[in-house]
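1. give me the fold of what follows.
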Amino acid sequence: MDIKGLRAVLDSTGLPVVYHSWKSSDPNNPPPKPPYIIYYLKNSDNTGADNRVYYKQNNYNIELYTNKKDIATEQKLEDAFDSASIFYDKTESYIESEHMFEILYEIEI
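-> Here you go, the predicted model:
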């Protein structure tokens, strides 16, 4: 799977999705009200052979933001991952200053 395929999986949830961030100064792309998804490349973990990249492995963070603990929305995203056979690790945090939950999914594709 590549980044286009990942975007298609995220779009299948029906939630607003953006790569890296919404620019609050851009009136054509204001941040939506939660829930929404932000995804970005965290790093790569490539395998080399013969002085070149033999196998590419990209690690992405997918962040789900909600105003309250929303198990149904988390399940919707997890179902999309499961349907696409994407393995994920999950952590949760609360952003006090924003009064929002952030559910972080870490994946490799």
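2. in which helix or strand would I find the residue nearest the centre of the chain?
-> Compute the mean C-alpha point of the chain, and by Cα atoms, centre = their mean the closest residue is I62, 1.8 Å away. Using DSSP states H and E, I62 sits within strand 58-66.
3. buried ones in that strand, by neighbour count?
-> For strand 58-66, burial by neighbour count (16 or more other Cβ atoms under 10 Å) applies to N58, Y60, I62, L64, Y65, T66. C-betas here are computed from N, CA, C, even on glycine.
4. and the pLDDT at D26?
-> The score at D26 is 69. That number is its pLDDT.
5. mind giving me the packing neighbours of the lengthiest helix in the chain?
-> Criterion DSSP state H: the longest helix present in the chain is helix 71-83. Packing partners of helix 71-83 (3 or more Cβ pairs under 8 Å, 6 or more residues apart in numbering; DSSP states H and E): helix 3-11, strand 58-66, strand 100-108.
6. and the next helix or strand after that helix with strand 100-108, angle?
-> Counting by DSSP H and E, the next helix or strand C-terminal to helix 71-83 is strand 88-95. Going by axes from the mean of the first three to the mean of the last three Cα atoms, to 10 degrees, strand 88-95 is angled at 160 degrees with respect to strand 100-108.
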